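# sharing a model that was predicted from the sequence below.
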Amino acid sequence: RKEVEQDPGPFNVPEGATVAFNCTYSNSASQSFFWYRQDCRKEPKLLMSVYSSGNEDGRFTAQLNRASQYISLLIRDSKLSDSATYLCVVNPAHSGGGADGLTFGKGTHLIIQP
Amino acid sequence: GAVVSQHPSRVICKSGTSVKIECRSLDFQATTMFWYRQFPKKSLMLMATSNEGSKATYEQGVEKDKFLINHASLTLSTLTVTSAHPEDSSFYICSAEGTGDGYTFGSGTRLTVV
């Protein structure tokens, strides 16, 4: 089983619509979770962290369900500039201290259509 | 915010030559940096964890003699692809844990080996 799984899409969504992505992770001891956005041939950029209580940043809402081991991202009132690949990212549990590299999903490709 | 500078952004080299990629944290000290590679339409895969003043930790399947990592100071980590071959052509990205939430990525290096 892959560590972080996402539906690769593409999701073709009309401008102004609401779109939601889910992501599942296999390591139940994972500590922290993020959504990154990656534009074509560019580096990933942090969109938002995901907290257990759920968090919102403007049109974006992220939620974490530890019991079911999934993370979601909701985009409201989608805009053309939201077209990108959205990466679900998990920071695995620390073992023996020190920082750990991130584990990335393959990403979900979103296309907002005018 | 935390900034990670990565150079070069693009490099084309001949098969058999070596290429060095630099990753610098500009406004913070990074005791740990991470190196990822990304193949087209694939997710980022962690290659190794670079630790300042000590040996890098490589992920399973990554040849340490081929991908030499040096983290000589708190602000600089380098990845050298030795005796590069066409199959090493990829997008290489470094990252470091910034001062706030999440990780900051360099802008990436697109390596093409001909």
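That came in fine, so what should we check first? Numbering: from 1, shown residues only, chains lettered A, B, ... in the order given.

# show me where pLDDT drops low in chain B?
Counting by pLDDT under 70, chain B contains low-confidence ranges at B:1, B:98-102.

# which parts of it sit against chain A?
Applying Cβ under 8 Å from any Cβ of the partner chain, we find that chain B lies next to chain A at B:31-32, B:34, B:36, B:42-46, B:49, B:51, B:59, B:91, B:93, B:95, B:97, B:101-108, B:110. (C-beta placed from N, C-alpha, C; glycine too.)

# flag every buried residue along stretch B:31-50.
The neighbour-count criterion (16 or more other Cβ atoms under 10 Å in any protein chain shown) identifies B:31-38, B:43-50 as the buried residues of stretch B:31-50.

# ends of that stretch, what's the gap?
Separation of the first and last residues of stretch B:31-50 by Cα to Cα, to the nearest Å is 8 Å.

# who's in contact with it?
Judged by Cβ atoms under 8 Å, 6 or more residues apart in numbering or on different chains, the contacts made with stretch B:31-50 from elsewhere in the structure are A:44, A:87, A:98-107, B:23, B:25, B:51-52, B:56-59, B:62, B:64, B:67, B:69-71, B:74, B:77, B:79, B:90-97, B:103.

# in helices, which of the residues you listed appear?
With helices defined by DSSP state H, no entry of the contacts of stretch B:31-50 lies inside them.

# circling back: spatially, which two of the buried residues of stretch B:31-50 are the most separated?
Distance extremes for the buried residues of stretch B:31-50: the farthest pair is B:T31 and B:S43 at 25.7 Å, using Cβ to Cβ.

# the strands in the chain, which residues?
No chain was given, so I picked chain A. Secondary structure of chain A (DSSP state E): strands located at A:4-6, A:11-14, A:19-25, A:32-38, A:45-50, A:55-57, A:60-65, A:70-75, A:84-91, A:103-104, A:108-113.

# um, chain B though
Counting by DSSP E, chain B forms strands over residues B:4-7, B:10-13, B:19-25, B:32-38, B:44-51, B:57-58, B:67-73, B:76-81, B:90-97, B:103-105, B:109-113, given from the N-terminal end onward.
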